[in-house]
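K.L.:
Sequence below, structure please.
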Amino acid sequence: ERDKRINIFFEGAKLQQIKRAQTDFLIMTLGGPSEFVGRSLEDIHMVLQMTDYHLDCFMQNLSRALRDVGAEQDAVDESTVVLEALRKRILAAHYGKH
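P.N.:
Numbering: from 1, shown residues only. Got it, this is the predicted structure:
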């Protein structure tokens, strides 16, 4: 089910491309084999006008998805810690406005 809080960021003609790039990035970031060669986090998110709220929603969805596919809670927690370390890069445009 799509999350109404953040689905505005995942619409349009490039949705499949976004999904592929996001999956490759997450695999790479969490230590798996990946061929991610996309733009920087700062560049990708610069025009999206995301806030901490939006990233929190995404993180909730990711944690739920990991649990739904059978990930142990320790793995979910570790993934959250790794991705939280990227918050300032993901939201660089948002933080730069303050």
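
K.L.:
for stretch 36-50, how far is the first residue from the last?
P.N.:
Length of stretch 36-50, first residue to last, CA to CA, to the nearest Å: 22 Å.

K.L.:
quick one: contacts for the nearest residue to residue 92 once chain neighbours are set aside?
P.N.:
Distance criterion CB to CB, 6 or more residues apart in numbering; nearest residue to residue 92, sequence neighbours excluded, is residue 42 at 4.6 Å. For every residue, glycine as well, the C-beta is placed using N, CA and C. Residues in contact with residue 42 (CB atoms under 8 Å, 6 or more residues apart in numbering) are 89-90, 92-93.

K.L.:
From those residues, pick the one nearest residue 56.
P.N.:
Lowest distance from residue 56 to the contacts of residue 42 (CB to CB) belongs to residue 90, with 11.4 Å.

K.L.:
Can you spell out which helices and strands pack onto the helix or strand hosting residue 76?
P.N.:
If you go by DSSP states H and E, residue 76 is part of helix 73-84. Applying 3 or more CB pairs under 8 Å, 6 or more residues apart in numbering; DSSP states H and E, one finds that helix 73-84 makes contact with helix 15-29, helix 52-68.

K.L.:
picking up where we left off before, and the contacts of residue 42 as JSON lines, adding pLDDT and distance to residue 82?
P.N.:
Listed next are the contacts of residue 42 as JSON lines, based on pLDDT from 0 to 100; distance: CB to CB, whole Å:
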{"residue": "89", "pLDDT": "95", "distance to residue 82": "13"}
{"residue": "90", "pLDDT": "96", "distance to residue 82": "13"}
{"residue": "92", "pLDDT": "94", "distance to residue 82": "18"}
{"residue": "93", "pLDDT": "93", "distance to residue 82": "22"}
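
K.L.:
If any of the residues you listed are buried, put those into a ChimeraX selection.
P.N.:
To isolate the buried members of these in ChimeraX, using 16 or more other CB atoms under 10 Å:
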select :90
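
K.L.:
right, and out of the contacts of residue 42, which lies closest to residue 54?
P.N.:
Relative to residue 54, and with distances defined as CB to CB, the nearest of these is residue 90, at 9.5 Å.
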